[in-house]
Structure formats: C-alpha cells, structure tokens
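# pasting the sequence and the predicted coordinates here, then a few questions.
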Amino acid sequence: MTKGVVLVVDDEPAIRDILGFYLKRGGYQVLQAENGIRALEEMEKLRPDLILSDLRMPGMAGDEFCRIVKGSPATREIYFMLVSALDGAVSRIGGLNLGADDMMAKPFHAQEVMAKVDSAFRIIGMQNEIKRQNQQLTRFQDRMTAELELAAKFQLGLLPGLPGLAEGIRYTHRYLPAEGIGGDIYAITPLPGGAAVMMADVSGHGVTAALISALVKTSFESQVRLGGTPESWARAVNRDLSASTLAEQFATAFIAHIDLAAGRIRYVNAGHPPPLLLKRGALGERSTPVQLTGKGFMLGIQADAPYSEGGALFEPGDRLLLYTDGLVEVEREDRHLLGEEGLLKLASELPMDAERAADRLIEQARAFNDPVPFSDDVTLVVIDRP
C-alpha cells in the first residue's frame with residue numbers, strides 16, 4: 001500500500017526520472033507530466049495528493065498550472081509545491097502568492113525532496129483528519145437539528161390548540177422559546193362549570209427543560225382528573241417533580257381553578273410571576289390590573305413544601321393574563337428592565353380581541369427592550385370570560 005500519490009511535473013525527463021525514483025523508493029505512487037497541460041490530463045485519470053511542479057515549462061508554465069489547480073473547487077485542496085531554479089525571497093513569496101502551499105529551490109538534494117514530501121504528507125494527513133472530524137460533526141449537528149425540530153413540534157403539540165374555547169372561557173397564547181425548544185408550558189383542562197389552569201416555567205433551556213416541562217404538564221393533568229383543589233394539585237406536582245429531577249432543577253408555576261358558577265378563581269402561586277386580572281378587560285374597557293400574588297415554594301425543591309390558596313373574583317367580561325418572566329426580565333443596553341411594573345402599565349389598556357391583545361403586549365415588550373432581543377423563553381396566555 002502506497003503512502004499517497006505524487007504528480008511530478010517538469011519539462012526535463014531526467015529530473016522527472018530522478019524525482020520519480022526517490023519517491024517510489026520512499027513508498028509513493030508517482031505520476032509524471034512534462035507541462036501543465038499534460039498534468040491536467042493525468043489528473044483526470046487519477047487525483048494526486050501532492051503536486052511537485054517546475055515553474056518554467058513550455059506549453060503551460062507552473063504558475064498558470066498552479067492557478068488552475070488552486071482555482072477549481074475540485075482540486076484546490078491538493079497540496080501544491082512549486083520547484084524553481086530562481087533563488088531568493090522574491091521567488092518564494094511570488095510562488096506562495098500564486099496559491100502554492102510550499103516551494104523548493106533548484107538544484108535540490110534527494111534528502112531535501114523526501115523531507116519536504118514527507119512533511120507535506122503529514123500536513124495532508126492532518127488536513128484529512130480535520131476534514132473527517134468536521135464531516136462527523138456536521139452529520140451529528142444535522143441529526144441533532146432534526147431531533148430538536150421533532151422535539152419542538154412535540155412540545156408545541158403539548159400546548160392547547162388555538163383558538164381555544166373551554167367551558168365558557170376563551171384563550172390564546174404566544175409561545176417564543178429562546179432556543180427553538182424551551183421550559184415554558186401551560187395547560188387548560190376543562191372541568192364541569194369551569195377549567196383547571198396551569199402555567200409553569202422550568203429552570204434552564206433546551207431539551208432538559210422541555211422534558212421537565214412535559215413532566216409538569218402530565219403530572220398536573222393527572223391530578224386534575226383525580227379531583228381536588230389547586231392546593232392539592234400543587235402539592236402533588238411538587239412531589240412528582242422532587243422525586244424525578246436533580247436538586248438544581250425546579251419550576252415556578254401558577255395553578256388555578258376557574259369556577260364560572262361561583263365567578264371566582266382559586267389559585268396557588270408557586271414562585272411564579274403574578275398573573276394580571278383585568279376587570280372588564282375582555283370587553284376592551286380600561287382597568288387597573290390586579291396581581292394574583294402568592295408565597296408558595298417553587299416546585300421540585302422540597303418534596304413536602306407547603307402551599308396555600310388565594311382567590312379572586314372572575315366575572316363575565318374579565319380577563320386574565322398569565323406570563324413567564326422572559327417577557328419582563330430582558331435587560332436593555334441601559335440596564336433597565338420592563339419588569340412587573342412596566343407590564344402593569346402596558347396591560348392596563350388592551351384591545352377587546354384576545355388575539356390582538358396578545359400581539360400588542362409582545363410588540364410593546366419588544367419595543368421597550370429594543371434593540372435587545374428576548375433572551376429567555378417567553379410565554380403569554382390571555383384568558384377571557386365573555
């Protein structure tokens with residue numbers, strides 16, 4: 001097995017023979033040509049790894065031959081060494097400017113030729129290994145991209161369908177993951193005379209956060225089917241998350257029961273940004289938003305953490321805005337944040353149509369942050385009681 005293929009290009013047969021002799025003895029396969037034209041014909045038969053070419057030749061000189069080889073995408077990676085009787089730095093610099101990878105002066109010694117060829121093949125070997133590793137990395141990245149796209153589609157499938165209508169309420173959402181797939185999730189589960197609502201924000205980003213968010217949603221929906229109250233749902237989801245995740249993984253959450261007959265919301269706020277309740281907001285009337293605050297522990301930190309319920313009226317014409325902290329915690333270039341106070345101002349006057357209201361809030365938040373983009377997952381849910 002040969003070390004590689006070397007194409008020797010020189011108009012003097014004796015030099016071709018001498019170089020060919022030493023190269024073959026060194027373990028290389030040798031091709032020969034008397035000028036650039038014949039060399040190109042040889043290259044169509046067998047692609048060399050290295051070209052040793054004289055500079056001055058009739059028909060097609062080495063400089064033109066070098067430009068052709070280095071100018072073609074199919075051959076530009078072939079290692080090209082010019083051999084020239086011209087001496088001095090000007091000749092060397094001129095040859096390298098043509099695109100040659102190296103130069104060798106005439107007259108040459110056999111040891112010098114073999115040392116340069118062996119050195120060139122070490123470089124060729126390293127380049128081939130880098131290319132091979134880059135190809136593997138590209139294939140891996142392609143697989144990861146495809147898998148992330150599938151995971152993102154799966155995560156979108158976990159969100160309620162839009163437009164949404166459940167037991168006397170209408171809802172819509174805007175979901176903007178920071179990395180294509182994220183840790184935000186929400187659920188609206190119809191119940192007789194109302195609905196169970198959950199919004200959660202899992203720590204971190206990417207696939208791990210998305211998997212945990214799916215666990216939170218599954219646990220919540222399972223508990224709702226068993227009956228109970230927001231407090232019991234929060235306790236159960238917290239136990240599931242504590243048992244299934246690492247110590248540094250947690251989630252904030254807002255868990256609520258909308259009781260249309262009673263005209264009330266009962267909720268647990270587990271360390272989540274407080275949702276905003278807008279009286280008559282679904283009718284397009286301007287109102288001062290009320291924050292649904294709470295002091296519950298984040299989910300997943302302590303298995304037996306206590307939770308307590310809060311409550312508020314939720315009457316016909318009212319609107320509820322749920323969001324994750326990515327909407328309000330973007331730090332602008334002047335180090336200002338929109339924050340909860342800024343969101344209260346934006347939410348005080350929104351269109352009656354829920355779709356337009358959601359779009360306006362996102363647009364206004366972006367305008368406030370400009371030119372800094374959202375850096376965290378952003379989810380906004382608008383729930384109206386007609």
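Yep, it's here.

# and Tyr307, how far from Ser348?
Separation of Tyr307 from Ser348 (C-beta to C-beta, to the nearest Å) stands at 30 Å. Bear in mind the C-beta positions are built from the backbone N, C-alpha and C, glycine included.

# pLDDT averaged over stretch 38-54 - what is it?
Stretch 38-54 carries an average pLDDT of 95.

# which parts of it are buried?
Neighbour counts over stretch 38-54 (16 or more other C-beta atoms under 10 Å) mark Arg38, Ala39, Leu40, Glu42, Met43, Pro48, Asp49, Leu50, Ile51, Leu52, Ser53, Asp54 as buried.

# okay, the first one and Asp63: tell me how far apart.
Same thing as Arg38. Per C-beta to C-beta, Arg38 is found 16 Å from Asp63.

# and for the fourth one?
Separation of Glu42 from Asp63 (C-beta to C-beta): 19 Å.

# check the offset of the helix or strand in which Val83 is found from the chain's centre.
Following DSSP states H and E, one finds Val83 within strand 79-84. Distance of strand 79-84 from the chain centroid (C-alpha atoms, centre = their mean, to the nearest Å) equals 43 Å.

# name the surrounding residues that touch it.
Strand 79-84 is contacted by residues 10, 49-56, 62-63, 66, 69-70, 91, 95, 98-106, 108, 116, 120-121, 123-124 when judged by C-beta atoms under 8 Å, 6 or more residues apart in numbering.

# angle of the helix or strand hosting Asp142 against strand 79-84?
Taking DSSP H and E as the definition, one finds Asp142 inside helix 110-158. Relative orientation of helix 110-158 versus strand 79-84 (axes from the mean of the first three to the mean of the last three C-alpha atoms, to 10 degrees): 150 degrees.

# pairing partners for the following helix or strand past helix 110-158, with directions?
Using DSSP H and E, the helix or strand that follows helix 110-158 towards the C-terminus is strand 164-166. Within its sheet, and counting by DSSP bridges, strand 164-166 is paired with strand 169-176 (antiparallel).

# lowest-pLDDT helix or strand in the chain?
helix 89-97 (a mean of 55; mean pLDDT, DSSP states H and E).

# after that one, next one along is what?
Remark: after helix 89-97, the chain's next helix or strand is strand 102-105, criterion DSSP H and E.

# what pairs with that following strand, and is each one parallel or antiparallel?
As defined by DSSP bridges, the strand partners of strand 102-105 come to strand 79-84 (parallel).

# now do the strand it pairs with, average pLDDT.
Summarised as a single mean, pLDDT over strand 79-84 is 91.

# just the CA atoms of that strand, as CSV, please.
The C-alpha coordinates for strand 79-84 follow below in CSV (Å, rounded to 0.1, in the frame of the first residue of the first chain):
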residue,chain,number,x,y,z
TYR,A,79,-1.1,20.2,-1.8
PHE,A,80,0.9,22.1,-4.4
MET,A,81,4.7,22.6,-4.2
LEU,A,82,6.5,24.7,-6.8
VAL,A,83,10.1,23.8,-7.8
SER,A,84,12.1,26.7,-9.2
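
# for the stretch 51-200 of the chain, which residues score under the pLDDT cut-off?
The model of the stretch 51-200 of the chain has pLDDT under 70 over residues 86-97, 148, 154, 162-163.

# now the residue nearest the centre of the chain, what's its secondary structure?
Nearest to the geometric centre of the chain sits Glu179, at 5.2 Å (C-alpha atoms, centre = their mean). For Glu179, the assignment made with DSSP: H, G, I helix; E, B strand; the rest coil gives coil.

# now for it: which residues touch it?
By C-beta under 8 Å, 6+ apart, the neighbours of Glu179 are His205, Gly206.

# likewise Lys3?
Gly26, Gly27, Tyr28, Phe121.

# now list the buried members of those.
With burial judged by 16+ other C-beta under 10 Å, the buried subset of these is Gly26, Tyr28, Phe121.
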